[in-house]
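Visitor: coords please:
(3 chains)
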Amino acid sequence: MSLYQELPENILITSVDELLGWGRKHSLWWLMFGLACCSIELMHTGGPRADIERFGSAPRGTPRQSDLIIIAGTLTYKMASRLKLLYEQMAEPRYVISMGSCSNCGGLFDRAYSVVKGVDLIIPVDVYLPGCPPRPEALLEALIMLQKKIQKEKFLRK
Amino acid sequence: MITEKDVQSRVEITPLNGNEILVNMGPHHPSTHGVIRFILYLDGEICVRAVPDVGYLHRSIEKIAEGMPYSFFMPYTDRVDYVAAVNCNLGYALAVEQAAGLEVPERATWLRMLGSELNRINSHLIGVGALAMDVGATTPFVHAIREREYIMDLLEIQTGTRMNNNYVRFSGVCQDVPQDFFSKTEKFLNHFDLFLGEFDRLISTNKIFVERLKNVGIVTGDQALSYSFSGPNLRASGIGHDLRRLDPYCFYPDMDFDIPQGVGIKGTVGDSYDRYIVRIEEMVESVKIIRQILSKIKEGPIQSKVPKKLVLPEGETYHRTEAPRGELGFHIVSDGKSTSPYRIKIRTGSFASMTSLAEVFKGMMVADVVAYFASLDVVAPEVDR
Amino acid sequence: MNFSITLLEKLAQEMAPSTSEIIQRESKMPILKIDAKDLRKVMLILRDNPVFEMKYINNISGVHLTAIKEDGTLDLKGVEVLYVLSSKLDFSTIAIRVDLPEVNPEIDTIDDLFVSANWFEREIYDLLGVNFINSQDLRRIMLPDDWQGHPLRRDYKENASYNGMPTTRPNELDAIRVE
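Guide: Sure, this is the predicted structure:
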């Protein structure tokens, strides 16, 4: 992409990995998995002020059509089996953002008997986002960090 | 590690007879009320039997309270109802102050009332916006989110954070407001009056919206009392009980405001449209109360002295306040010797609203099931705590 | 606070010959303490008698009573159930308390008199282990159906894992901490 300014006739020279990374990172569709207080900040991130859709991210209601799951809120043992099912229904390549203290490590409720102390005891996590709840701008920062990770991925070779 | 038989419901599933099908409105659904599950037996479009299944957000707040001093419990009361956090803080602080006999300075009481009325508008905006989105209109929800951003800016200046404020302390509040806060609030209230008129023109008289909600889920006054409804749900069924008048706290007896009741404006008394209109009118009343607070507030201290190790006298007490979703009651048991409570039980309005579902859903069509449940304005952490 | 002693004294008179006792007289919430076998009689009086007309349940909650013996161990004394009801006429409130024994605590249900009592009773069964006789539907409500134990009791011990998920989070600092 850096050679773009030097070639005057709109010729682009890049690698396939970079081109695929650029395409994939700008259309991450996310599954709405709002459980508790962080889901209100997730709704505000989709709202008019901090708009997540300008990054190409549209909210979806079903895991079959999404490649990102944002776990916003506290996960309890009763709900844990549903999370595992939803994660297994997503098609690869799939990414996970753990939003808020409760899904990072149990958070405020780490003395509770019915709370899973961190979502990474069940599914693998890509980006951890601290906060209680994190501001909408913080969630956008996590999305940008995930986009940088996707850009560097060698997608065609495992 | 997790097998399929763990996911299967262990709720009593009776065998299906005839044409019935079993639909699972599972804990994860793209609606904004949280994680609540219904198991519906449908005969065509009509629901024959419904089993609500809750507990997916049970965070054991009441057990955590038994191991910490009284003032450490304040952040957990925010999370009982996260859209109306200052109201829940206020209920807990008033319950402990009443039992311990603590005094509150005057300016702190005015600031507490200001925070809780702003939060009442916040909470009703989510309730009304989510109702509109469930019924099918997606635009009013985004309008409501835009107005909530302005209110969250004001709450950020007053309390320090946008959500989960942890604002009220025993015998006072945690911080004072800067000089230009009242002029900013006045500017917002002038803008909000125009917004409410625009919202009314947008959906309140829209023919499709009215047809979706009128005569759906009619709950008479006697039925509402037997289901333990409280707050706007009870007032929409014709019984005008408001805890700010019946059991007054703070300076509410000096305030001049009406109590909106459901009168069956488009259908019958106690249908879903009444529950919607009562919330819109309560937002108008909250704006009136805030204007009166702005004219009456004076300078002064914001926190009195509280003993470092607070011990409540032995016995039990039950104190209730009016939260946006109904009656919020705190039953506190103390053993007279230790600095942590023996038992705290929190009674919320949404838990009582859920008790009506098994009876009211019988005989309704599936689309009406969604509309009735959205008009009750239930949030999951209040049901599960 | 709307809790008035006169209502409690009227109720104690109506209940005769059953015995009852008024405790916490000077506090903000005076309570009427009754036996477990008189519960349905009292609830029917409160619901149907035109003096009271209590049709609204504010709260039903349970408390596990304990005391600390001289050697420091816990002495379990049973479960208390508190009923708070309000009147339809002017919302005046009344509080009634029943004490149950430690072994096999059980009490009659009131969910055929009041519709909303069922969910309150299910929560007390789930978290404290009290059995409500003749209840229409007594299942666990907050915890999964295969949970062992009743968590709000004072002698509850947590298991190490539930269905394969560990209940504590490993802390990397523990490995390098010096004793």
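Visitor: report whether the one helix or strand B:V48 maps to contacts chain C.
Guide: Counting by DSSP states H and E, the element that carries B:V48 is strand B:46-53. No - using C-beta under 8 Å from any C-beta of the partner chain, strand B:46-53 stays clear of chain C, coming no nearer than 8.5 Å. (Each C-beta comes from the backbone N, C-alpha and C, glycine too.)
Visitor: just the mean pLDDT for that strand, thanks.
Guide: Mean pLDDT, strand B:46-53: 89.
Visitor: let's see stretch B:63-79 as CSV, backbone CA atoms only.
Guide: The C-alpha coordinates for stretch B:63-79 follow below in CSV (Å, rounded to 0.1, in the frame of the first residue of the first chain):
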residue,chain,number,x,y,z
LYS,B,63,-24.4,-13.7,49.6
ILE,B,64,-21.5,-11.3,48.8
ALA,B,65,-23.1,-8.8,51.2
GLU,B,66,-22.6,-11.0,54.2
GLY,B,67,-18.8,-10.7,54.0
MET,B,68,-18.2,-7.0,53.8
PRO,B,69,-18.9,-3.8,55.8
TYR,B,70,-22.1,-1.8,54.9
SER,B,71,-20.4,0.9,52.9
PHE,B,72,-18.5,-1.5,50.7
PHE,B,73,-21.8,-2.9,49.4
MET,B,74,-22.8,0.3,47.6
PRO,B,75,-21.3,-0.6,44.1
TYR,B,76,-23.2,-3.8,44.1
THR,B,77,-26.5,-2.0,44.4
ASP,B,78,-25.7,-0.2,41.1
ARG,B,79,-25.7,-3.5,39.4
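Visitor: residues of chain C that sit close to chain A?
Guide: Residues of chain C lying near chain A by C-beta under 8 Å from any C-beta: C:142-144, C:151, C:156, C:158, C:162-163, C:165-169.
Visitor: out of those, which are inside strands?
Guide: C:162, C:165-166 (DSSP state E).
Visitor: so among those residues, which ones count as buried?
Guide: C:162, C:165 (16 or more other C-beta atoms under 10 Å in any protein chain shown).
Visitor: put together JSON lines for the ones in strands among the residues of chain C next to chain A, with pLDDT on each row.
Guide: Formatted as JSON lines, those follow (pLDDT from 0 to 100):
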{"residue": "C:Y162", "pLDDT": "86"}
{"residue": "C:M165", "pLDDT": "84"}
{"residue": "C:P166", "pLDDT": "84"}
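Visitor: chain B next: which of the ones in strands among the residues of chain C next to chain A are close?
Guide: C:M165.
Visitor: let me see the backbone angles for the spatially most central residue of chain A.
Guide: Nearest to the mean C-alpha position of chain A, counting by C-alpha atoms, centre = their mean, stands A:I97 at 4.0 Å. Main-chain dihedrals, A:I97, degrees, to the nearest 10: phi -110, psi 130.
Visitor: pretty sure it contacts A:L143?
Guide: Yes - with contacts counted by C-beta atoms under 8 Å, A:I97 reaches A:L143, the gap being 7.4 Å.
Visitor: output the longest helix belonging to the chain.
Guide: All of this is about chain A. helix A:136-151 (DSSP state H).
Visitor: hmm, no, I was thinking of chain C.
Guide: Max-length helix for chain C by DSSP H is helix C:117-128.
Visitor: ranges for the strands of chain B?
Guide: B:21-25, B:37-43, B:46-53, B:168-169, B:172-173, B:315-323, B:326-334, B:343-347.
Visitor: show me how far the fourth one is from its chain's centre.
Guide: If I follow you right, that is strand B:168-169. Remark: strand B:168-169 is offset 19 Å from the chain centroid, using C-alpha atoms, centre = their mean, to the nearest Å.
Visitor: the chain: strands as residue ranges?
Guide: No chain was given, so I picked chain A. A:30-34, A:59-60, A:68-72, A:95-99, A:127-129.
Visitor: let me rephrase: I mean chain C.
Guide: So, for chain C - with DSSP E - the strands run C:21-23, C:31-34, C:54-68, C:74-87, C:93-100, C:106-108, C:131-133, C:161-162, C:165-166.
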